[in-house]
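Peer 1: Take this sequence and fold it.
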Amino acid sequence: MLIDLLLVPFGATYTEMRTAALAAEEAGFNGLWTFDHLREPRPGNGLPVPECLTALSGIAEATSRIQLGPLVLNVANRRPGVLANMAATLQQISGGRLVLALGAGGGDNTPYFTEQEMLGEQPAPAKARAEQVAEAAQILRLLWSEQPASFSGRHFRLDRAAGYLHPSPPPPIIIGGFGPRMARTAGRFGDGFNAPARMPGLERLVEIARSEHERAGKSREGFKISVFGGFSERWLNPGGADRAELNGLGVDRLILQVEPPYPLDRIRAAAAKL
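Peer 2: Numbering: from 1, shown residues only. Predicted coordinates for the structure are as follows:
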């Protein structure tokens with residue numbers, strides 16, 4: 001099982017994120033992730049939030065080995081054509097270390113709804129947001145194929161698109177979610193599925209995603225399951241019951257999140273357990 005670190009960006013500066021990323025690479029973590037949010041979700045805090053792909057591009061330049069990814073990109077924040085070029089550029093900067101994770105963003109029952117509403121945008125209902133993720137994943141692959149491509153979906157379209165930046169290799173597309181709809185979307189259109197490590201019913205969601213991947217005519221072996229949890233002993237201990245449960249589900253990647261100020265000494269000390 002790969003063990004990664006996620007830097008919560010709320011209240012962090014890019015310099016702090018870069019320093020923590022270097023510590024994670026030195027400690028032996030496999031990957032480094034951060035959230036895609038535009039502002040601090042808790043009212044009244046006004047904390048800075050570095051933009052996800054910009055921060056990852058700087059970290060890609062500063063590091064040499066560790067994989068990099070957003071967990072997860074809200075497809076409402078960037079049109080698929082723009083995202084395709086941004087991701088291809090980040091893949092170029094990182095030398096092929098990007099893992100691109102997509103998500104549907106928060107609905108009006110989440111604290112993240114406000115960041116869209118304040119910008120004059122109205123998040124679509126859950127079903128439509130899931131459709132947007134599915135269409136975005138298809139468009140990304142078409143634009144990365146180096147062949148002229150057209151696409152006509154409910155939300156996005158391409159018209160004989162050609163000549164856009166091609167990542168080499170194209171990054172895997174992981175789709176995150178919290179329920180059966182996004183698990184099915186991940187299985188059909190993604191290379192993997194991401195969910196919380198302690199989510200009730202995780203086993204069922206994993207099976208839904210894997211089964212949908214097989215129904216799409218793809219090999220289950222190539223479909224990767226990742227989960228995220230806190231930076232705690234329960235997940236760092238490879239012989240513990242929680243890690244054993246994830247192993248039993250066939251989880252491929254465990255992502256541990258830390259909040260600023262990032263505990264650099266604890267990140268470095270984790271090397272002995274990775």
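Peer 1: What segments of the protein are helices?
Peer 2: Remark: helices assigned in the chain by DSSP state H are 14-27, 52-62, 80-94, 113-117, 126-143, 180-189, 202-215, 233-236, 241-249, 264-269.
Peer 1: Give me the distance from stretch 208-216 to the chain's centre.
Peer 2: Centre-to-centre, stretch 208-216 and its host chain are 20 Å apart (C-alpha atoms, centre = their mean, to the nearest Å).
Peer 1: Over to stretch 131-146?
Peer 2: 16 Å.
Peer 1: Quote the end-to-end distance of stretch 226-236.
Peer 2: This stretch, stretch 226-236, spans 15 Å end to end (C-alpha to C-alpha, to the nearest Å).
Peer 1: That one: which residues count as buried?
Peer 2: S226, V227, F228, G229, F231, W235, L236 (16 or more other C-beta atoms under 10 Å). C-beta here means a position set from N, CA and C on the backbone, and glycine is covered the same way.
Peer 1: before we move on, what about stretch 259-274?
Peer 2: If you call a residue buried by 16+ other C-beta under 10 Å, then stretch 259-274 has these buried ones: P260, Y262, L264, I267, A270.
Peer 1: got the contact list for it?
Peer 2: If you take C-beta atoms under 8 Å, 6 or more residues apart in numbering as the criterion, stretch 259-274 is touched by 3, 5, 7-12, 16-17, 19-20, 23-24, 26-30, 231, 236-238, 258.
Peer 1: what about the lowest-mean-pLDDT helix or strand in the chain, distance to the chain center?
Peer 2: One helix or strand of the chain scores below all others by mean pLDDT, DSSP states H and E: helix 113-117, with a mean of 81. Here helix 113-117 shows a centroid-to-chain-centroid distance of 20 Å under the convention C-alpha atoms, centre = their mean.
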